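*Asks:* the sequence and its predicted three-dimensional model are supplied below.
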Amino acid sequence: MIRVSESRPRVSEKQLCELVGAIARGEQLALHALYAQTHRLVFTLSMRITSNRATAEELTLDVFHDVWRRASVYDPANGPVIGWIMNQARSRAIDRLRFEQRLKRTNDQPGDPAQSTASDGPQEAFALKEQGRLLRHALQGLTSDERQAIETAFFSELTYRETAVRLNQPVGTVKTRIRSGLAKLRQMLAGALKGL
């Protein structure tokens, strides 16, 4: 359980930047100080998005683990420390919500689509197979950069930022490739899936 510390005086942006710099150098006390100043904000945002205290506590710890790992890439020119931390919190909370919704949809279905095809009949089995074939074919119509960005983000369930780190590309580039790739996929699949 996350312990809420007594109220502390707010620190300046300069001091927060200095803490992030110290964290980048591996100073654990700096992480502790940053956590003490900002964990309530992260927890509150996570709680608002997920509506689950245990999940919000877990996400708060995950965010500060990310801060520890990624402090060296923080650039004050891109915005204040609080904004950087809150963006990570927001992304993680939204990703968790999406994951749990996908999990719920999967668990709400009467069974694995591959296993239920026998009871669904040959037409449904054929339609599932055909949808998979069409998707694989449509993916081949993307540029290799678009396909790589989409596969990395969606199949590994990563945020834009995590995808950018994994692909060693700027976040804006990754977002653009995913958007353009998804637009192409929608266009290619729209007509093809109507016939199924």
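*Replies:* Perfect, thanks for sending it.
*Asks:* can you tell me the SS state at the residue lying closest to residue 30 once chain neighbours are set aside?
*Replies:* Taking Cβ to Cβ, 6 or more residues apart in numbering, and ignoring the residues beside it in sequence, residue 30 has residue 22 as its nearest neighbour in space, at 3.5 Å. For every residue, glycine as well, the C-beta is placed using N, CA and C. Recorded secondary structure, residue 22: helix (DSSP: H, G, I helix; E, B strand; the rest coil).
*Asks:* next one: residue 22 from residue 15, what distance?
*Replies:* As judged by Cβ to Cβ, to the nearest Å, residue 22 and residue 15 stand 10 Å apart.
*Asks:* how far away from the center of its chain is stretch 95-104?
*Replies:* Averaging C-alpha coordinates over stretch 95-104 and over its chain gives two centres that are 11 Å apart (Cα atoms, centre = their mean, to the nearest Å).
*Asks:* oops, could you answer that again for stretch 169-176 instead?
*Replies:* Using Cα atoms, centre = their mean, the distance from the centre of stretch 169-176 to the centre of the chain it belongs to is 14 Å.
*Asks:* quick revisit: who has more neighbours, residue 22 and residue 15?
*Replies:* With neighbours defined as other Cβ atoms under 10 Å, residue 22 and residue 15 compare such that residue 22 has more, 17 against 14.
*Asks:* that one reaches residue 28, doesn't it?
*Replies:* No - the pair formed by residue 22 and residue 28 falls short of the contact definition of Cβ atoms under 8 Å, at 9.4 Å.
*Asks:* neighbours of residue 129, just the number please.
*Replies:* Residue 129 is flanked by 12 other residues according to other Cβ under 10 Å.
*Asks:* of all the residues in the longest helix seen in the chain, which ones are buried?
*Replies:* Once the chain is assigned using DSSP state H, the helix that runs over the most residues is helix 81-108. With burial defined by 16 or more other Cβ atoms under 10 Å, the residues of helix 81-108 counted as buried are 81, 84-86, 88-93, 96.
*Asks:* list the residues that contact residue 46.
*Replies:* 55-56, 59-60, 63, 89, 92-93 (Cβ atoms under 8 Å, 6 or more residues apart in numbering).
*Asks:* okay if I get those residues as TSV plus pLDDT?
*Replies:* Rendered in TSV, the data for the contacts of residue 46 read as follows (pLDDT from 0 to 100):
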residue	pLDDT
55	89
56	90
59	91
60	92
63	92
89	91
92	88
93	89
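*Asks:* who does the longest helix of the chain touch, helix- and strand-wise?
*Replies:* On a contact count with 3 or more Cβ pairs under 8 Å, 6 or more residues apart in numbering; DSSP states H and E, helix 81-108 meets helix 13-24, helix 28-50, helix 53-70, helix 160-167.
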